[in-house]
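Peer 1: turn this into a structure:
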Amino acid sequence: MKRGSLRLRLLLAAVASVLAALALSFIGLTLLFERHVERRVEAELATYLDQVIAGLDRAADGAFVLARAPGDPRFAEPLSGLYWQIQASDAILRSRSLWDTRLALPVDDLPDGAVHRHRISGPGGTAAIALERSVRLPGRLGGGMMRAAVAIDAAEISAASRAFTVDLLPYIAVLAVFLIAAAYAQVVVGLQPLATVRERLGGIRAGSEHRLGRAFPDEIVPLAAEVDALLDARERQAEKARSRAGDLAHGLKTPLQVLAGCVGRLRALGENDIAQDVELLADTMRRHVERELARARMAMGGPGSTADVARVVERLIAVVTRTPSGNRLDWSLDIPAGTVAQIDADDFAEALGNLLENAARHACQRVTVRARAREGVIVTSVIDDGGGIPPERLRDALQRGGRGDRAGGGSAGLGLAIVQDIAEAWGGGLRLRNGAVGLEADFAVPAAGTIVEARQSR
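Peer 2: A predicted model of the protein is given here:
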């Protein structure tokens, strides 16, 4: 996928959204788990606190003692992380787990029976969570107020949270892979109609399709309808242009025929020089008109146009052999059956007609027409056994106004230039070269079904 790809942009946006959502979920789940553990711990501490308060009593000597200690053995293990402490009058009782330290409870105003939660510094400077409660002692215990506290090392909660995080990470990673794969599938499926549009547009250019149609999702149907409407409008414009080109051809034919008649009358009057000049000008005008009409017709050619090479060439040779220059020659065809070119049949006939006419005019005995398919291109070669073109004039032969004849005479050489225009208009080209015995003209255009990237004459 390229940098400007819509698929890449959507996929990157989906990946970013998935990762952001999973990151927030991961943080949220970790915090929720930590809060849950803290609530469970506080509930456990509240139970221990009730046990500590309930177990307070006086010994025979009147000193406060904890007659019934909580059953958790960690209270008896020094620095175990679980502690209790009682302050009654001036006496302070504490669990063995506190060893020789005390819980640093903050100065707090506790109503009777109220429970406060504190984060304090435990033994050894560790963080601890403490629950503290103030209780009024009964008369048998001497009355007064008592403050009892139970604390637990916060590291236990942190350790539980870390263990949960470690266990959660693989599942988050698997979920990320699954969601990214799902996002990729969603992008591919969502953009598939656009790929179908591209394929059908390619088919329209190649000639295998004529319209996009409406077999698309609702969001793509308006686009397809607009494209089809544009194609319809273009065909109507092309038909109008074709009609105007035909009108132009008929409009110019009559004046040129009149000039041809004038040439005959001038010769009859003995004005041969003037007749020759008029004939030359009329011929030049005719060729220019043919060139422009050919260009107009090429501009109107549809993308689905194709030409059967063998059929067109056989029809052209049948015409050329009826001319004096073509009747004297031996014509040879080497064209495989089923050779179809991506070009309008009239354009192909126009181009090959010029090449065959040129070959018939200059060949000595034989003209060979050969067609070959090469990497999606149909190359039709017209080979004659004439004298060829001087190497220094090969380049000029294809230029407008150059001379393609080999004797140096004749009219302005627009025929080969027209052939070149037609080839380039359909994404091909024309190449001239001197062969072993004469001139070889290679007319190349895409094979049928090949998408032509550009039509230069348009």
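Peer 1: which strands or helices does the helix or strand hosting A371 pack on?
Peer 2: Secondary structure assignment for A371, by DSSP states H and E: strand 366-374. For strand 366-374, the elements it packs on are helix 309-320, strand 330-334, helix 345-362, strand 377-384, judged by 3 or more C-beta pairs under 8 Å, 6 or more residues apart in numbering; DSSP states H and E. The C-beta positions use only the backbone N, C-alpha and C, and glycine is treated the same way.
Peer 1: lowest-confidence stretch among these?
Peer 2: If the helices and strands packed on strand 366-374 are sorted by mean pLDDT, helix 345-362 sits at the bottom with a mean of 88.
Peer 1: circling back: for R236, which of the helices and strands packed on strand 366-374 is the nearest?
Peer 2: Smallest distance to R236 across the helices and strands packed on strand 366-374 (C-beta to C-beta): 19.5 Å, for helix 345-362.
Peer 1: send the alpha carbons of that closest one over as PDB?
Peer 2: The C-alpha coordinates for helix 345-362 follow below in PDB (Å, rounded to 0.1, in the frame of the first residue of the first chain):
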ATOM      1  CA  ALA A 345     -11.400  -0.600 -37.400                       C
ATOM      2  CA  ASP A 346     -11.700   2.500 -39.600                       C
ATOM      3  CA  ASP A 347      -8.600   4.000 -38.000                       C
ATOM      4  CA  PHE A 348      -6.700   0.800 -38.600                       C
ATOM      5  CA  ALA A 349      -7.800   0.700 -42.200                       C
ATOM      6  CA  GLU A 350      -6.800   4.300 -42.700                       C
ATOM      7  CA  ALA A 351      -3.300   3.700 -41.300                       C
ATOM      8  CA  LEU A 352      -2.700   0.300 -43.100                       C
ATOM      9  CA  GLY A 353      -4.200   1.700 -46.300                       C
ATOM     10  CA  ASN A 354      -1.500   4.500 -46.300                       C
ATOM     11  CA  LEU A 355       1.200   2.000 -45.600                       C
ATOM     12  CA  LEU A 356       0.000  -0.500 -48.300                       C
ATOM     13  CA  GLU A 357      -0.400   2.300 -50.800                       C
ATOM     14  CA  ASN A 358       3.100   3.500 -50.100                       C
ATOM     15  CA  ALA A 359       4.500   0.000 -50.400                       C
ATOM     16  CA  ALA A 360       2.600  -0.700 -53.700                       C
ATOM     17  CA  ARG A 361       3.900   2.500 -55.200                       C
ATOM     18  CA  HIS A 362       7.600   1.700 -54.500                       C
END
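Peer 1: tell me the angle that helix makes with strand 366-374.
Peer 2: Relative orientation of helix 345-362 versus strand 366-374 (axes from the mean of the first three to the mean of the last three C-alpha atoms, to 10 degrees): 140 degrees.
Peer 1: next, the angle from helix 345-362 to strand 377-384.
Peer 2: Angle of helix 345-362 versus strand 377-384, following the same axes, to 10 degrees, is 20 degrees.
Peer 1: what packs against helix 345-362?
Peer 2: By 3+ C-beta pairs under 8 Å, 6+ apart, helix 345-362 packs against helix 272-300, strand 307-308, helix 309-320, helix 324-327, strand 366-374, strand 377-384, helix 415-425, strand 439-446.
Peer 1: what about the stretch 1-150 of the chain, any weak spots by pLDDT?
Peer 2: 1-4 (pLDDT under 70).
Peer 1: helices along that one, start to end?
Peer 2: Ranges of helices in the stretch 1-150 of the chain, per DSSP state H, counting those that start in this stretch, are 6-54.
Peer 1: hmm, I180 is touching A16, no?
Peer 2: No: using C-beta atoms under 8 Å, I180 is not in contact with A16, being 10.4 Å away.
Peer 1: looking at these two, which one has more neighbours?
Peer 2: Comparing I180 with A16 by other C-beta atoms under 10 Å, the one with more neighbours is I180, at 16 against 10.
Peer 1: confirm the more buried one sits in a strand?
Peer 2: No: read with DSSP: H, G, I helix; E, B strand; the rest coil, I180 is helix and lies in no strand.
Peer 1: and for the residue lying closest to R133 once chain neighbours are set aside, the neighbour number?
Peer 2: Of all residues not flanking R133 in the chain, V115 sits nearest, at 4.7 Å (C-beta to C-beta, 6 or more residues apart in numbering). Look at V115: counted by other C-beta under 10 Å, it has 16 neighbours.
Peer 1: what of the one 5 residues further on?
Peer 2: Under the neighbour criterion other C-beta under 10 Å, I120 is assigned a count of 17.
Peer 1: what residues are up against it?
Peer 2: Contacts for I120 (C-beta atoms under 8 Å, 6 or more residues apart in numbering) come out as L103, A104, L105, P106, A127, A128, I129, A130, A151.
Peer 1: out of those residues, which end up buried?
Peer 2: Listed as buried from the contacts of I120 are L103, L105, A128, I129, A130, A151; burial here means 16 or more other C-beta atoms under 10 Å.
Peer 1: let me have those residues in TSV, extended by distance to G427.
Peer 2: Listed next are the buried ones among the contacts of I120 as TSV, based on distance: C-beta to C-beta, whole Å:
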residue	distance to G427
L103	90
L105	90
A128	83
I129	80
A130	86
A151	86
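Peer 1: may I ask which two of the residues you listed are separated the most?
Peer 2: Maximum pairwise distance among the buried ones among the contacts of I120 (C-beta to C-beta): 12.2 Å, between L105 and I129.
Peer 1: joint contacts of these two?
Peer 2: When contacts are counted by C-beta under 8 Å, 6+ apart, L105 and I129 have H118, I120 as shared neighbours.
Peer 1: returning to what we had before: show me how far the strand holding A371 is from its chain's centre.
Peer 2: 41 Å (C-alpha atoms, centre = their mean, to the nearest Å).
Peer 1: buried set for that strand?
Peer 2: By neighbour count on 16+ other C-beta under 10 Å, the buried set for strand 366-374 is R366, V367, T368, V369, R370, A371.
Peer 1: how near is the nearest residue to the fifth one once chain neighbours are set aside to V367?
Peer 2: In space, not counting the residues next to it along the chain, R370 is nearest to D334; the distance is 4.3 Å by C-beta to C-beta, 6+ apart. Counting by C-beta to C-beta, to the nearest Å, the gap from D334 to V367 is 12 Å.
Peer 1: please apply the same query to R200.
Peer 2: Relative to V367, R200 is positioned 42 Å away (C-beta to C-beta).
Peer 1: how about F348?
Peer 2: As judged by C-beta to C-beta, F348 and V367 stand 18 Å apart.
Peer 1: one more: R136?
Peer 2: Counting by C-beta to C-beta - R136 and V367 are separated by 128 Å.
Peer 1: same check on R244?
Peer 2: R244 is 36 Å from V367, by C-beta to C-beta.
Peer 1: repeat for P123
Peer 2: With C-beta to C-beta as the criterion, P123 and V367 are 112 Å apart.
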